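In: What would the 3D arrangement of this be:
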Amino acid sequence: MKPGKRLWLWVAIYAVLDVIAVGMGMGVPIFPILLGFVVGWLLPAWYPAPAASLRQLLVRVLRWAAASAAWTFLQMAVIWLRTVPMLFDPGVDIAQFGHPMILYEPVPSFVGWIVLMVFVSPFLQLLTTVLAATLRLAVASPAVAVRGEEAALARHVPG
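Out: Here you go, the predicted model:
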């Protein structure tokens with residue numbers, strides 16, 4: 001079944017899978033980043049509307065990758081941005097929060113951890129989705145990769 005027929009069903013399935021992936025990582029989005037690779041691999045073949053050219057297909061893949069990263073960003077914002085007021089509470093010992101001391105000091109490490117979780121991780125998911133889609137287009141079925149490009153090339157090649 002191609003997603004073009006039931007696009008909202010596929011979007012809902014992805015949203016639930018992403019929530020489960022975030023939960024499996026206990027708020028650390030390593031599994032949504034890996035899920036981005038699976039989504040990127042499937043996007044070129046499953047996109048609902050046929051692309052007239054490779055460029056249009058890549059733009060569509062980028063849009064869906066951005067949408068999936070935005071969904072993960074929203075989840076990360078809900079999970080992690082609630083802890084930001086701890087920075088301004090003098091009674092809270094941030095060193096005991098449980099985050100890794102990536103910058104050797106509690107407060108900069110906490111800020112770095114929040115930035116990593118909320119902003120960098122969804123961007124990494126976007127990158128893995130785009131990378132997987134590009135790999136799929138490079139190595140998988142030529143019918144998926146070329147769609148309209150083959151006909152356009154055939155018209156311009158002399159002979």
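In: tell me the strands in the protein, going along the chain?
Out: Applying DSSP state E to the chain gives no strands.
In: which regions of it lie under the pLDDT threshold?
Out: Along the chain, the model assigns pLDDT under 70 to residues 1-5, 47-52, 140-159.
In: Run through the helices of it in chain order.
Out: 7-24, 30-46, 54-80, 106-115, 121-139, 142-146, 149-156 (DSSP state H).
In: Mind putting those into a markdown table with mean neighbour count and distance to residue 87?
Out: Every C-beta, even on glycine, is put in place using the N, C-alpha and C of the backbone. Shown next, in a markdown table, are those (neighbours: other C-beta atoms under 10 Å; distance: least, C-beta to C-beta, whole Å):
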| stretch | mean neighbour count | distance to residue 87 |
| --- | --- | --- |
| helix 7-24 | 14 | 23 |
| helix 30-46 | 20 | 25 |
| helix 54-80 | 18 | 12 |
| helix 106-115 | 16 | 7 |
| helix 121-139 | 19 | 20 |
| helix 142-146 | 14 | 48 |
| helix 149-156 | 11 | 51 |
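In: now for those, which one comes closest to residue 91?
Out: Comparing the helices of the chain by their distance to residue 91 (C-beta to C-beta), the top pick is helix 106-115, with 14.3 Å.
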